[in-house]
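> Below is the sequence, then the predicted model.
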Amino acid sequence: MRSLLWCALALGLTTAAYAQTSDAAKIARGKYLVNNIGMCGDCHTPMDKKGNPIKAQKLQGAPLMFKPAVDIPSWMPVAPGIAGLNWSDEEAITFFTTGKRPNGTMAAPPMPQLRLSKADAAAVTAYLKSLKP
């Protein structure tokens, strides 16, 4: 009986530790994708006068430092803040896998209509939600 109890406790602790590692790994993957692959900060982080990102405002939203050479319908001159993403996981994953926003419209230029895998979209979502808005 005691050995069964110890096994159950050990299994519970192992499962909890695995879940934490899994969340930490997902956030780490999302951080890598956002910062090194997607380069999201290039648009979503304000820049100082020298063009350097203002680290204290990382992913807080910013006016774009570039404009199209010709008029592009629905061009967004300001990138929204994405730190602390306030969409549901389902809404965010749909956006990152299809480019479709929660209101049903597609991402507006210059934002690309992303086609991430569900796993990568979930990782990006977890990372953005882990940040303070």
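In hand now; what should we look at? Residues are numbered from 1 along each chain as shown.
> in the chain, which spans are strands?
Taking DSSP state E, the strands of the chain run over residues 62-63, 78-79.
> low-confidence ranges in the chain?
Where the chain drops to pLDDT under 70, the residues are 1-21.
> 50 instead, please
For the chain, the stretches with pLDDT under 50 are 1-19.
> would CSV of the strands of the chain with mean neighbour count be doable?
Just so you know, the C-beta spots here come from the backbone N, C-alpha and C atoms, and that holds for glycine as well. Output for the strands of the chain, formatted as CSV (neighbours: other CB atoms under 10 Å):
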stretch, mean neighbour count
strand 62-63, 15
strand 78-79, 16
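> Dump those into TSV; add distance to A123 as well.
Below are the strands of the chain laid out as TSV (distance: least, CB to CB, whole Å):
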stretch	distance to A123
strand 62-63	23
strand 78-79	21
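> V34 is nearest to which of those?
The closest of those to V34 is strand 78-79. By CB to CB, the value is 13.1 Å.
> What is that closest one packed up against?
strand 62-63 (3 or more CB pairs under 8 Å, 6 or more residues apart in numbering; DSSP states H and E).
> The strand it packs on pairs with which strands, and in what direction?
With DSSP bridges as the test, strand 62-63 is paired with strand 78-79 (antiparallel).
> Return the distance of the strand it pairs with from the chain's centre.
Relative to its chain's centre, strand 78-79 lies at 16 Å (CA atoms, centre = their mean, to the nearest Å).
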